Every structure is written in C-alpha cells, then in structure tokens.
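*Asks:* one predicted model, sequence on top.
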Amino acid sequence: MKDTATLTVSAASLALALGTALALSSAPLTAQAADNEKCFGVAMQGKNDCAAGPGTTCAGTSKIDYQGNSWKFVPKGTCEQTASPTSPTGFGQLEAFEEVKQS
C-alpha cells in the first residue's frame with residue numbers, strides 16, 4: 001500500500017504536467033491569432049475555424065459554404081478583400097452577418 005506522501009506527490013506531478021500541456025497547446029493559437037484576423041463568411045462547409053452559430057460546436061461544424069456566423073483565420077488586412085457570395089458586400093466581414101440569398 002502506498003503512503004499518503006507518495007500519492008500527494010503523484011497527484012501534484014500529474015496536475016503540473018496537465019497544466020503545462022494545456023499552456024503549451026494554447027500557445028500556437030495565440031501566435032496564430034496575432035498575425036491573423038477572424039473573417040466571417042469565407043469558410044467552406046465544415047472548414048471553419050470556430051463559431052459556426054446555433055446548433056454547432058466549433059471548428060469544422062459550419063453547415064453551408066460561406067456561412068455568415070462562422071469564421072476562418074485569414075492574414076490581417078485581407079478579410080474584407082476575400083470573396084464571400086453570401087455577404088451583403090460580396091466580401092468577408094469582421095463581424096458575423098445574416099447571409100443574403102445566392103443567385
């Protein structure tokens with residue numbers, strides 16, 4: 001039978017390892033977000049980075065191409081120059097929008 005000190009050290013080691021793993025896993029997203037911006041209405045079905053609206057969870061859950069409430073990371077300054085046939089302007093938006101009907 002293990003003593004309490006050994007169990008405490010094991011639990012603390014596990015907590016430290018888990019905390020380190022979580023911190024490292026969020027680092028690439030932070031670096032990616034620094035050089036990019038969220039662009040709504042440019043992702044293809046199932047290819048969004050996150051925020052796909054009601055009834056979806058996150059990345060890869062957009063239901064249609066160019067969904068107005070799902071976004072994709074794009075290089076800063078390029079969103080509003082990226083084509084989006086469902087957008088009121090015809091280009092990606094920095095905020096979620098209601099899709100217009102495609103002809």
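*Replies:* Sure thing, it's come through.

*Asks:* gap between the nearest residue to residue 72 once chain neighbours are set aside and residue 101?
*Replies:* Excluding its sequence neighbours, the residue lying closest to residue 72 (C-beta to C-beta, 6 or more residues apart in numbering) is residue 43, at 4.1 Å. (Glycine included, C-beta is placed from N, CA and C.) Separation of residue 43 from residue 101 (C-beta to C-beta, to the nearest Å): 19 Å.

*Asks:* and the two? which has more neighbours close in?
*Replies:* Between residue 43 and residue 101, residue 43 has the larger neighbour count (other C-beta atoms under 10 Å), namely 27 against 6.

*Asks:* circling back to that earlier point, so the residue nearest to residue 72 makes contact with residue 67?
*Replies:* Yes. Applying C-beta atoms under 8 Å, one finds residue 43 in contact with residue 67, separated by 6.7 Å.

*Asks:* any common contacting residues for these two?
*Replies:* With C-beta atoms under 8 Å, 6 or more residues apart in numbering applied, the contact sets of residue 43 and residue 67 do not overlap.
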